[in-house]
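> Build the 3D model from these lines:
(one chain, ligands or ions: 1)
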Amino acid sequence: MPVRHVASFDIGGTNLRAAVVAVDDGTARVVSQRRQETPNHLILPAMSAAERLDAVLDFIVAAVSEARQSHVIDAVAAAFPGPVDAAGRIAALPTLWGDDGQALCPLALDGLLAARLPGLPICLFNDVTAAGHRFVGQHRDFALFTLGSGVGLKVFIDGQAQVGPHGAGGELTHMVFDPSPGAPACDCGGRGHLGALASGRAWQRVCAAAEQDGQQPDLDGFVEPLARAVAMLHYALGLELFLFSGGLSEALGETLRAAIVRRLPEQGWQCGQDWNAMVRLAPDDDAHALIGGALAACRE
Ligand SMILES: [Zn+2]
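Residues are numbered from 1 along each chain as shown. Okay, the predicted model is just below:
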């Protein structure tokens, strides 16, 4: 099959990223990319959710037309930081537009994009699902955690993301891991969720508090909820591979991985698990969703 070029997007809560990804026989490389700040609800609170959505659509359409000046584009892959249901609709996008955008959901964004990009196949993904597709060529059964401004998780079984009919699969990160009333707030509006306890923002908070007290930040305490989530998935599904990616994982690297491994034996029955082999760091090139989305778009 000839090399295919995919206009691939990673629509994050902080940055909008666009790339041209060349896919050749199951391998992919980023040919060019650009990014701009996301018009999210925190930096532009006066903007309505519909206006934010329009700004994202404009970004995608402009980037595709720019990409078409130098490449024949075969497909568009777009990854979003929210659950995507079985019909390909976005079920929620709190990191992009806060609570006021929920009225737009479920959102058939592929239809909106298809109307503005006629003739191009459009593939929408949850961003962690897209990222996971990067690893499907090497692994069939695994969980991928992304530790960024929030925490993402997807479970892949036999190379397929397990998301369920309404896209809830993997949203373990929005379960309560700290039930105390003063637990940190999550982007989704809840409190004490894994996403609020184990994100990059949460680690910054832990570090700032420790500095104020003249102490070292307690990394082993910080990673305990992550270790619990790993153990839940291992004991529920028998998974034996847990990949960690995202800005916090890249920043702390082996220190973070080793801390998670240290907290695992206390989480449940020890029957010979080699936690050290099961918990791994993903490559830190920060392009998983761009590359994985493009690979998945070419497999469809
Ligand atoms: Zn949450």
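
> the helices in the stretch 51-200 of the chain, which residues?
For the stretch 51-200 of the chain, applying DSSP state H, counting those that start in this stretch gives helices covering 94-97, 109-116, 127-133, 194-197, 200-212.

> Could you give the number of residues near residue 161?
23 (other C-beta atoms under 10 Å). Every C-beta, even on glycine, is put in place using the N, C-alpha and C of the backbone.

> same thing with the one 4 residues further on?
Around residue 165 there are 9 other residues, counting by other C-beta under 10 Å.

> Nearest residue to it in space, please, no chain neighbours.
In this structure, residue 165 finds its nearest non-sequential neighbour in residue 86, 4.8 Å apart by C-beta to C-beta, 6 or more residues apart in numbering.

> what sits against that neighbour?
With contact taken as C-beta atoms under 8 Å, 6 or more residues apart in numbering, residue 86 is in contact with 163, 164, 165, 166, 167.

> Make a ChimeraX selection of the buried ones in these.
The ChimeraX selection below is limited to those of the contacts of residue 86 classed as buried (16 or more other C-beta atoms under 10 Å):
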select :163,167
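
> which one of the contacts of residue 86 sits closest to the ion?
Of all those, the ion sits closest to residue 167, with 14.5 Å by C-beta to the ion.

> Who are the contact partners of that closest one?
By C-beta under 8 Å, 6+ apart, the contact set of residue 167 is 83, 84, 85, 86, 91, 126.

> restrict these to contacts with the ion.
Among the contacts of residue 167, no residue lies close to the ion (C-beta under 5 Å from the ion).

> Just the buried ones among these, please.
Buried among the contacts of residue 167 (16+ other C-beta under 10 Å): 83, 84, 85, 91, 126.

> Let's see which of the residues you listed end up in strands.
Mapping those onto strands (DSSP state E) picks out residue 126.

> can you pull the contacts of residue 235?
With C-beta under 8 Å, 6+ apart, residue 235 has these contacts: 268, 269.

> Could you rerun that using 6 Å?
Residue 235 makes contact with residue 268, according to C-beta atoms under 6 Å, 6 or more residues apart in numbering.

> just checking, it is part of a strand?
No: applying DSSP: H, G, I helix; E, B strand; the rest coil, one finds residue 235 to be helix, outside a strand.

> ok, back up a step: widest-spaced pair of the contacts of residue 167?
Using C-beta to C-beta, the two most remote members of the contacts of residue 167 are 86 and 126, lying 11.9 Å apart.

> need the helix or strand of this structure with the lowest average pLDDT.
helix 94-97 (a mean of 72; mean pLDDT, DSSP states H and E).

> Pull the residues that contact it.
Helix 94-97 has contacts (C-beta under 6 Å, 6+ apart) with 13, 40, 41, 49, 52, 81, 150, 187, 188.

> How many residues are close by the fourth one?
Residue 49 has 20 neighbouring residues, counting by other C-beta under 10 Å.

> Quick check: closest non-adjacent residue to it.
Per C-beta to C-beta, 6+ apart, closest to residue 49 is residue 101, 3.2 Å.

> quick one: terminal-to-terminal distance for stretch 123-132?
Taking C-alpha to C-alpha, to the nearest Å, stretch 123-132 runs 15 Å from one end to the other.

> avg pLDDT for that stretch?
Here stretch 123-132 scores 94 as its mean pLDDT.

> where's that stretch relative to the chain centroid, distance-wise?
7 Å (C-alpha atoms, centre = their mean, to the nearest Å).

> From here on, call the first residue 102.
From this message on, residue numbering opens at 102, which makes the last subject stretch 224-233.

> Show me what that stretch is in contact with.
Under the criterion C-beta under 6 Å, 6+ apart, residues 178-180, 182, 185, 189, 210-211, 245, 247, 253, 255, 257, 262, 389-390, 393-394, 398, 401 lie in contact with stretch 224-233.

> Can you tell me how far residue 392 is from residue 170?
22 Å (C-beta to C-beta, to the nearest Å).
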